[in-house]
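In: Provided below are the primary sequence and the corresponding predicted coordinates.
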Amino acid sequence: MTAYEILKQYFGYDKFRSGQAELISHILQGQDVFGIMPTGAGKSLCYQIPALMMNGLTIVISPLISLMQDQVAALRTNGIPAACLNSMLNETEYKSVLRQVYRGELKILYVAPERLETSSMLKIAETVPVSMVTVDEVHCVSQWGQDFRPSYLNIISFLKALPYRPVLSVFTATATQEVAQDVRNILQLKNPFCLTTGFNRENLYFGVAQPRDKSEALLEFLRHHPDETGIIYCISRRLVEQVTEDLNDAGFPAVRYHAGLTDQERYRNQNDFLYDKVRLIVATNAFGMGIDKSDVSFVIHYNMPKNLENYYQEAGRAGRDGSPANCILFYDGSDLRINQFFINNFGENQEMDPKLKQKLRAKEMQRLRTIQNYCTGRSCLRNYLLNYFGDTAPEYCGNCSFCRIYCEQKEITVPTQKIISCIYYLHQKNLYFDSKSLVQILRGSKAKKYQDLQLEQILPTYGIMNDTPEKECLAMIRYLIQNGILTEKNQELHLNRKAGLFLKEQQKIFMPVRKALPSAESAHTGRKKTVSDTDEILFSLLKDCRQKLSQKEHVPAYVIFTDMTLRDMCRKLPVSDMAFLSVEGVGRVKLEKYGDAFMKVIRSYQK
């Protein structure tokens, strides 16, 4: 079978998404590949389809048990022989999987990186033909990545234990150029085909809000979005407990998830969420890596995460099936202080070279300032995110809280000249300050530290913006940083070539200024999800059918069919095998397993 035939027969799709066909083709040619694709872009198909076409076993190294279980359940539902080895299996189950491996009955085996050095995996390496090794969430291999896991370094020694080197395919949703280069070096990729499909998820609405009362803002959002499935991320276990209690008291059933719970409760709560027994889960960032739940309608960050990589990965768990979804971040100053505390105490219980530890902390502080600028800046949120990851985007996307707010363009040419001049004169005196200190100098602060430096006497620009409010001054400085006119290094402001050109060419500069909120929408109510071109009554009936099958087969509902597939059924109303196969996400195996049940619902509804 060709890759296209497998795509249709097993997975039910008529065409590949961007980048999938190219990555599959290079794998089949025996070339290493490195795919950087956003969550929901279909990374798993890029290695699952070649695994079915190659002779031998494909070993997928995956970071979390929940991810393995999700992937294996979905593959088996599609009629593909797959299994995983993890600590949740009892001895009988573990030996059963090993027997399947040795008999050649499996095409795909999922394992955690920690398991690579066990005797059972080393024996597999020595005796079983391995056609490909796939590394998911590969950014974890880099100490400069946001989720560095030392166990990922076991991959190299495992590869060397194999009688011959198989194809190596690696994937991630978030990687800066620095992290990507680190991955290539550490895993020793051989002339890899590297592909970045772009980071833009057009179906996601990005919002930042600074509510006075986060709890009330969350409840307001939920009132605007009843019956939707969502994840609420909190910065600490204490907040997870508090928010979960508040939601349940307010009549919004929710479960909690954090490292302080017993393994049994974490597993139970996660399954209740995955199997749609409860629609809301409140969690620390320990939850969700690789979760394939396709019908998450919103992700709310109750606090600012420590970097944009984590935020984009966590927010990307919304709208995996391509449906409109909301990604809202609640921000206040305490979030910054808590993250600074975590970073300052990073690695205290780890054996690490002091210089490396200091270097990593400095890197994390820089990342923290970057996401703070995302939260407080005055520019398109999507543009800011995509630029950070080296992607391009228009200045206004029309689908973020900033672009939704009525804006006017305010000329800040003269204030910019004053800010640049002030920094220039300070540098002449070998003085360097951060943004907040510069604002105080521009506004003529009488603080003792500035009087001791005699800035009022030696600095011609001291107090030059004393008629401009502090918040407005700070907003302008942050806007200049975001647009590359000023550079921030180690919290100190520096001039660059762009600043010089601005003065020399007497350019005009405009900054978007918030004018008023639209009457019906705000940053934290987000975008209302609509089921376009879909009969909502039939959609509900199909969901009920899916839920019954889910409970019968003990798999999450989205493993049977995603919401997008159900909506396509509503549009096409298939009542024959041929028509049912035309529905997106329906392959031959799922037609045989589920076709009669869903077509019965459609026929009954039509009558």
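Out: Thanks, I have the structure now.
In: which residues does Ser262 contact?
Out: One correction, residue 262 is Thr, not Ser. With contacts taken as Cβ atoms under 8 Å, 6 or more residues apart in numbering, Thr262 has no neighbouring residues. Placement of C-beta: from N, CA and C, glycine included.
In: Buried residues of stretch 566-575, list them for me.
Out: By neighbour count with 16 or more other Cβ atoms under 10 Å, stretch 566-575 contains the buried residues 566-570, 574.
In: Need the max-distance pair from those residues.
Out: The two members of those with the most space between them (Cβ to Cβ) are Arg567 and Pro574, at 12.8 Å.
In: Now the common contact residues for these two.
Out: When Cβ under 8 Å, 6+ apart defines a contact, no residue borders Arg567 and Pro574 alike.
In: Show me the contact partners of the top helix by length along the chain.
Out: For the chain, the helix with the greatest residue count under DSSP state H is helix 354-376. Here helix 354-376 makes contact (Cβ under 8 Å, 6+ apart) with 143-144, 146, 208, 210, 304-309, 311, 329, 331, 336, 339-340, 343-344, 346-347, 381, 384-385, 388, 475, 478, 481-482, 488, 490-491.
In: Could you do stretch 72-87 as well?
Out: Under Cβ under 8 Å, 6+ apart, the answer for stretch 72-87 is 10-11, 48, 52, 62, 65, 68-69, 71, 94, 97-98, 100-101, 105-112, 115, 120-121, 292, 553, 555-556, 559-560, 587, 589-590, 593.
In: Just the buried residues of stretch 566-575: which are in helices?
Out: Per DSSP H, the subset of the buried residues of stretch 566-575 in helices is 566-570.
In: what would those residues look like in JSON lines with distance to Glu265 and pLDDT?
Out: Formatted as JSON lines, these follow (distance: Cβ to Cβ, whole Å; pLDDT from 0 to 100):
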{"residue": "Leu566", "distance to Glu265": "31", "pLDDT": "92"}
{"residue": "Arg567", "distance to Glu265": "34", "pLDDT": "89"}
{"residue": "Asp568", "distance to Glu265": "37", "pLDDT": "91"}
{"residue": "Met569", "distance to Glu265": "36", "pLDDT": "93"}
{"residue": "Cys570", "distance to Glu265": "37", "pLDDT": "93"}
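In: related to what we said a few turns ago, mind checking which of the contacts of stretch 72-87 are buried?
Out: 10-11, 48, 52, 62, 65, 68-69, 71, 97-98, 101, 106-112, 115, 121, 292, 555-556, 559-560, 587, 589-590, 593.
In: What about those, which are in helices?
Out: The members of the buried ones among the contacts of stretch 72-87 that map onto helices under DSSP H are 10-11, 48, 52, 65, 68-69, 71, 97-98, 101, 121, 559-560, 589-590, 593.
In: Where do the strands of the stretch 201-350 of the chain begin and end?
Out: For the stretch 201-350 of the chain, the strands defined by DSSP state E, counting those that start in this stretch occupy 204-209, 230-233, 254-257, 280-283, 298-301, 325-330.
In: now those in TSV, with distance to Ile537 and mean pLDDT?
Out: Below are the strands of the stretch 201-350 of the chain laid out as TSV (distance: least, Cβ to Cβ, whole Å; pLDDT from 0 to 100):
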stretch	distance to Ile537	mean pLDDT
strand 204-209	26	94
strand 230-233	23	95
strand 254-257	28	94
strand 280-283	25	94
strand 298-301	23	96
strand 325-330	23	95
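In: Is it possible to get those strands out as a markdown table so that each row also shows distance to Gln270 and mean neighbour count?
Out: Output for the strands of the stretch 201-350 of the chain, formatted as a markdown table (distance: least, Cβ to Cβ, whole Å; neighbours: other Cβ atoms under 10 Å):
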| stretch | distance to Gln270 | mean neighbour count |
| --- | --- | --- |
| strand 204-209 | 23 | 24 |
| strand 230-233 | 11 | 25 |
| strand 254-257 | 6 | 24 |
| strand 280-283 | 8 | 25 |
| strand 298-301 | 16 | 26 |
| strand 325-330 | 20 | 26 |
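In: Serialize those to CSV and add fields for distance to Met88.
Out: Below are the strands of the stretch 201-350 of the chain laid out as CSV (distance: least, Cβ to Cβ, whole Å):
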stretch, distance to Met88
strand 204-209, 32
strand 230-233, 22
strand 254-257, 16
strand 280-283, 19
strand 298-301, 26
strand 325-330, 30
